[in-house]
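Here is a sequence with its predicted model. Questions after.
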Number of protein chains: 2
Amino acid sequence: MPAPKPGVASLYDVVGIGNALVDVISHADDGFIARHELAKGSMTLVDTDRALYLYQALGTAIEMSGGSAANTVTGVASFGGRAAYIGKVSDDELGRVFGHDMRAVGVQFRPGAAVEDTPTGRCIIVVTPDAERTMNTYLGVSSLLCPPDIDLPTVAAGKVLYMEGYLFDRPHAKAAFRLAAATAHEHHRQVSLTLSDSFCVDRHRDDFRSLVADEVDILFGNSDELMSLYQVNTFDEAVQAVQKDCDLAVITVGPEGCYIVQRDAVLTAPAEDVKEVLDTTGAGDLFAAGFLFGYTRDYPLHHCAKLGAIAAAEVISHVGPRPLVELKSLLP
Amino acid sequence: MPAPKPGVASLYDVVGIGNALVDVISHADDGFIARHELAKGSMTLVDTDRALYLYQALGTAIEMSGGSAANTVTGVASFGGRAAYIGKVSDDELGRVFGHDMRAVGVQFRPGAAVEDTPTGRCIIVVTPDAERTMNTYLGVSSLLCPPDIDLPTVAAGKVLYMEGYLFDRPHAKAAFRLAAATAHEHHRQVSLTLSDSFCVDRHRDDFRSLVADEVDILFGNSDELMSLYQVNTFDEAVQAVQKDCDLAVITVGPEGCYIVQRDAVLTAPAEDVKEVLDTTGAGDLFAAGFLFGYTRDYPLHHCAKLGAIAAAEVISHVGPRPLVELKSLLP
């Protein structure tokens, strides 16, 4: 890939591409998880019938815009960064809610072409008393993202392209992903990927492996996802493997913080203290937001990780996947 | 009015009627309130254009079912009571969200007849850093509630009918209100009313005065609303006035608790301690829920007030107008 030219003018710090989803968040106990055979802590794709069934079974819910990469770009904007987002919603109420919440924090939203009769996607999130979230996603129109939906000038104008692994669950979205990555590199931009979920890594391991080796400049993920990617038993082996593939990998290890893995060095950085963890939804997304906000300002990597930790701490201390305060106000 | 016969069998403890709304909740500072000329702490009715304008101006929002009497009946159900609700939504996404959140806690929901091309109503709520909420309501289809929408067998089957003063903002809803009250009394049920808002009392003072004197068995409200109802300058005068009109009035005075006003006696009861008040939306609604849950079980009045205080404390300690935990689990 061409080396990034830091001098190229940019309109955006981060351009995100992902599945545009509205989260439907509810609290339930582990009995609910067991009764409905949910994969605790993971993201499962569901069809319309299963989504309706689960919604029916669910208690009182809160609706809030979500989507992994979408959460990240709103976090970047909330820090005061310039962000854009490409993802598909319908012309329905949840689509309007999603668009509102993007624009409300100043993210440039490119929703792609309209599709009739397919609703905006939603993610049914069950938060258990241990603050873990279990996600069941009905992709709806978000999964119809295809190459023509990628606004190429937007991709070309962002310092870092940020894409979620979840895009790989649909072939058209995967093609859109590859087009976006190629476009970014043509314009001397950097390409980043979040592995999203260890089951998602399982579903697409070969694709991810070649992508990380050939196309990805910055890889985000957690330790489980990285070990799954390389099918190794220890975190150390996974770190050594990713060092061969990728210039920079930022791997979170929950409350222990993160590892910043470069070709020739590994740094660690701590997480922030949190009084009470209420809902871990969005932790990884917001960590990436803080990291990329710092990275696109050329801050030292340990400082980028500090900003990631601050954003993650904010989002896990309340219900919902996006910050409730302006992250700018939390800058150290 | 006929005296209630406690021996009549009932299907429901409380039957609520009100404007069925989905809340759109956002945080903003007092500058936002001033800039958009909002009536802080009150409920203002807005038309479509103003609703769109405010939504545009609003930051990241959370959607959550609301509506004053609707919040109350979900509170009754959350305590383990039997509740029903009559209120109008459309066959749109927000209408489905509203219906889901009713059924999810076990409330029997009677949505009335469908109306095309009028969306489900919504209430734009701005929460300021002092935890005060400022509400701007676009009534949508909820305001089309009319007498044929009142499911009379449901009203006849509830120990206490509970209605919100906000219904008086539309003539058809007012007629529906009167029909429901007459039906309840014919079946020896009790009729309760919440005054809703001091501006609402201002708009409909004469109606409310005759209603309280002629039709209402249990009146809910806060001290401002009661003083506005009787146009007096002191709370004592208001208490004396309502004693002449009404068998039982339960008047909240914020963190100081409440007054339980009977014809010949006035009791006081304290509020519950709250670690941090985050959002006062729903405080009065949930107070009424706890009180009515106890009242329909013939608990002593001070114990009813205690349950009201417990429910109010739960709802003001988080964002959103409905309990996030089963209130049953908080029973003393």
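Arrived safely. As the structure is a prediction and not an experimental result, all values here were calculated from the model. Numbers count the residues shown, from 1 in each chain, chains lettered A, B, ... in the order given.

Report the buried residues of the strand or helix carrying A:A312.
Counting by DSSP states H and E, the element that carries A:A312 is helix A:301-316. Buried residues in helix A:301-316, counting neighbours by 16 or more other Cβ atoms under 10 Å in any protein chain shown, are found at A:301, A:303-316. Just so you know, the C-beta spots here come from the backbone N, C-alpha and C atoms, and that holds for glycine as well.

Quick check on the closest residue to A:L211 other than its chain neighbours: phi, psi?
Leaving aside its sequence neighbours, A:L211 sits nearest to A:L193 (Cβ to Cβ, 6 or more residues apart in numbering or on different chains; 6.7 Å). Here the main-chain torsion angles of A:L193 (degrees, to the nearest 10) amount to phi -140, psi 140.

Show me the beta-bridge partners of A:L193.
Beta-bridge partners of A:L193, counted by DSSP bridges, are A:M163, A:L219.

Strands of chain A, start to end?
A:12-17, A:21-27, A:43-45, A:62-65, A:83-86, A:108-110, A:121-127, A:133-138, A:158-164, A:190-194, A:218-222, A:248-252, A:258-262, A:265-269 (DSSP state E).

Can you tell me which of these is nearest to B:A181?
Distance to B:A181, taken as Cβ to Cβ, is lowest for strand A:62-65 among the strands of chain A, at 33.6 Å.

mind listing what that closest one pairs with, with the direction of each?
Here strand A:62-65 is paired, per DSSP bridges, with strand A:21-27 (antiparallel), strand B:62-65 (antiparallel).

what residues does the last one touch?
Pointing back at strand B:62-65 there. Around strand B:62-65, the neighbours that count as contacts under Cβ atoms under 8 Å, 6 or more residues apart in numbering or on different chains are A:60, A:62-64, A:97, A:320, B:21-26, B:74, B:94, B:97-98, B:100-102, B:319-322.

would you put the C-alpha positions of it in PDB?
Below are the C-alpha coordinates for strand B:62-65, written out as PDB (Å, rounded to 0.1, in the frame of the first residue of the first chain):
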ATOM      1  CA  ILE B  62     -32.900   8.700  23.700                       C
ATOM      2  CA  GLU B  63     -36.400   7.500  22.800                       C
ATOM      3  CA  MET B  64     -38.500   5.900  25.600                       C
ATOM      4  CA  SER B  65     -42.200   5.400  26.000                       C
END
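
Next up, phi/psi of A:V107, please.
Note on A:V107: backbone dihedrals following degrees, to the nearest 10 are phi -80, psi 130.

Okay, whichever residue of the stretch 151-300 of chain A sits closest to chain B and A:R133: tell me how far apart.
When distances are taken as Cβ to the nearest Cβ, the stretch 151-300 of chain A reaches nearest to chain B at A:L278, 9.3 Å away. To A:R133, A:L278 is 11 Å away according to Cβ to Cβ, to the nearest Å.

any shared contact partners between the two?
Common contacts of A:L278 and A:R133 (Cβ under 8 Å, 6+ apart): A:V127.

Which one's more surrounded, the two?
A:R133 (24 against 18; other Cβ atoms under 10 Å in any protein chain shown).

which ones are touching that one?
Contacts for A:R133 (Cβ under 8 Å, 6+ apart) come out as A:G41, A:I125, A:V126, A:V127, A:D279, A:T280, A:T281.

How many residues are close by the closest residue to the second one other than its chain neighbours?
What sits nearest to A:I125 in space, not counting adjacent residues and going by Cβ to Cβ, 6+ apart, is A:I25, at 4.7 Å. Residues within reach of A:I25, counting by other Cβ under 10 Å, total 25.

Test of understanding: give the bridge partners of A:I25.
A:I25 has the following beta-bridge partners by DSSP bridges: A:I62, A:I125.

That one reaches A:G320, doesn't it?
Yes - judged on Cβ atoms under 8 Å, A:I25 makes contact with A:G320 at a distance of 6.5 Å.

list residues touching both of these two?
What both A:I25 and A:G320 touch, as defined by Cβ under 8 Å, 6+ apart, is the set A:I62, A:M64, A:D279, A:T281.

Pick the one among the residues you listed closest to B:L219.
Lowest distance from B:L219 to the shared contacts of A:I25 and A:G320 (Cβ to Cβ) belongs to A:I62, with 31.8 Å.

per-residue confidence for A:D169?
Confidence at A:D169, expressed as pLDDT, is 88.

Model confidence for the nearest residue to it once chain neighbours are set aside, exactly?
Leaving aside its sequence neighbours, A:D169 sits nearest to A:L45 (Cβ to Cβ, 6+ apart; 6.2 Å). pLDDT recorded at A:L45 is 94.
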